[in-house]
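**Q** Below are the sequence and a predicted model for it; my questions follow.
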Amino acid sequence: MAETNSPLLIKRYASRRLYNTETSDYVTLDDIAAFIRDGREVQIVDLKTGDDLTRQYLLQIIAEHESRGENMLPINVLTDLVRSYTTQAQSVVPQFLAQSFEMFREGQEKMVENMSTMNPMAAMQAQQEAFMKAMTGGMANWPSSPEPNSDKAAAEPEGEEEALDDIKKQLADLQDKLSKLS
């Protein structure tokens, strides 16, 4: 069995056919894309010259996905990429893109990790609390949902009504401010 830490070597023959050296069979661009999605590094070399063609073929895979309507790259990003090839930013762009994708990948991994370890109800409640905090500007007197058996749950209705009146007033103030902005 081949070691998966080393790149999968694909050789391009003069006929432009791509040959998988591990399985000794011909592959397509879709096959190569599948290897990459599965987490495998791929290196594509020209059999005759030994030139590394990996970048060329990866760009071709992206172009084919885009042409099939699988639009992942917005027009403005594509435009900026084209511009970066003709400006001084060319030296900064590759490093910036690599770091951005690394941060994106790490964020995805953390999100998946958090979703798998977190109680779904607790996650939903945390999202709601964060939303309410953002909407109210982090007001200290925002009533949090009481625990069912806590003293807060047995609070007097008048206190809750006052809090509700405060919230209504604050909402009305926010609506006034929004309408003035319009």
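**A** Arrived safely. Numbers count the residues shown, from 1 in each chain.
**Q** any idea of the pLDDT on residue 56?
**A** On the pLDDT scale, residue 56 is placed at 95.
**Q** in this structure, which spans are helices?
**A** Taking DSSP state H to define them, one finds helices in the chain at 29-37, 54-67, 75-84, 93-117, 120-135, 157-181.
**Q** Format the ones you listed as CSV; extra columns: distance to residue 17.
**A** Backbone N, C-alpha and C define where each C-beta goes, glycine included. Shown next, in CSV, are the helices of the chain (distance: least, C-beta to C-beta, whole Å):
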stretch, distance to residue 17
helix 29-37, 12
helix 54-67, 13
helix 75-84, 30
helix 93-117, 30
helix 120-135, 49
helix 157-181, 62
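**Q** Point out the most buried one among the ones you listed.
**A** helix 29-37 (a mean of 15; mean count of other C-beta atoms under 10 Å).
**Q** who touches that one?
**A** The list of residues contacting helix 29-37 from outside it, by C-beta atoms under 8 Å, 6 or more residues apart in numbering, reads 8, 10, 18, 20, 42, 44, 57-58, 60-61, 64-65.
**Q** how much does that helix deviate in direction from helix 54-67?
**A** Going by axes from the mean of the first three to the mean of the last three C-alpha atoms, to 10 degrees, helix 29-37 is angled at 110 degrees with respect to helix 54-67.
**Q** chain center to helix 29-37, what's the gap?
**A** For helix 29-37, the distance from its own C-alpha centre to the chain's C-alpha centre is 20 Å (C-alpha atoms, centre = their mean, to the nearest Å).
**Q** Show me the domain layout of this structure.
**A** 8-72, 120-181 (automatic domain parsing).
**Q** Could you give the average pLDDT over the shortest one?
**A** The pLDDT scores in domain 120-181 average 64.
**Q** before we move on, back to that, which pair of the contacts of helix 29-37 spans the longest distance?
**A** The span of the contacts of helix 29-37, defined through C-beta to C-beta, is set by 20 and 65 at 20.7 Å.
**Q** No further questions, thank you.
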